[in-house]
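curious how this folds, go ahead:
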Amino acid sequence: MSAYWRVTEVRVVDDHAVWVRFKDGLEGVVRFLPGFFRGVFSHLSDPAKFRQVTVVGGAVTWPGELDLAPDAMHEEIKQRGGEWVVDR
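Reported below is the predicted structural model:
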């Protein structure tokens with residue numbers, strides 16, 4: 001049985017924001033500020049590359065096996081009322 005915090009759907013809603021839905025039905029938006037786009041994530045500052053997001057194994061993932069921890073994302077969205085702003 002997979003964990004309740006697994007992402008089941010992701011959709012780009014802005015150049016640097018995604019909407020996500022989790023297995024337990026929780027939904028929310030994750031907004032990425034410029035500080036996020038450093039190191040291995042630097043190329044995602046290009047909106048065309050950012051839009052290549054998908055769900056792989058229950059995690060928000062971009063090409064190159066870049067992903068976000070779904071359990072941490074679930075907790076932040078839940079605690080922050082549906083929106084998490086990430087600055088790294």
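
longest strand anywhere in the protein?
The longest strand of the chain (DSSP state E) is strand 7-14.

quick check, central residue of the chain?
Centroid-nearest residue in the chain: Val60, 4.9 Å away (criterion: Cα atoms, centre = their mean).

tell me how many other residues crowd the closest residue to that residue other than its chain neighbours.
Of all residues not flanking Val60 in the chain, Leu68 sits nearest, at 4.8 Å (Cβ to Cβ, 6 or more residues apart in numbering). Where C-beta positions appear, they are placed from N, C-alpha and C, glycine not excepted. By other Cβ atoms under 10 Å, 21 other residues sit near Leu68.

against Trp5, how distant is Leu68?
Between Leu68 and Trp5 the computed distance is 11 Å (Cβ to Cβ, to the nearest Å).

sorry, back to before: the residue nearest to the centre of the chain pairs with what?
Val55 (DSSP bridges).

does it touch Asp67 like I think?
Yes. Taking contacts as Cβ atoms under 8 Å, Val60 lies within contact range of Asp67: 6.2 Å.

how about the strands of the protein, start to end?
Using DSSP E, strands in the chain cover 7-14, 17-22, 27-32, 54-56, 59-62, 66-67, 83-86.

how about low-confidence regions in this protein?
1-2 (pLDDT under 70).

about what we covered before: dump the residue contacts of the residue nearest to Val60.
For Leu68, the contacting residues are Val30, Ala59, Val60, by Cβ atoms under 8 Å, 6 or more residues apart in numbering.

got CSV for the residues you listed, with distance to Val12 too?
Output for the contacts of Leu68, formatted as CSV (distance: Cβ to Cβ, whole Å):
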residue, distance to Val12
Val30, 11
Ala59, 16
Val60, 11
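
for this structure, longest helix please?
In the chain, with assignment by DSSP state H, the single longest helix is helix 70-79.

that's all I had, so thanks and see you.
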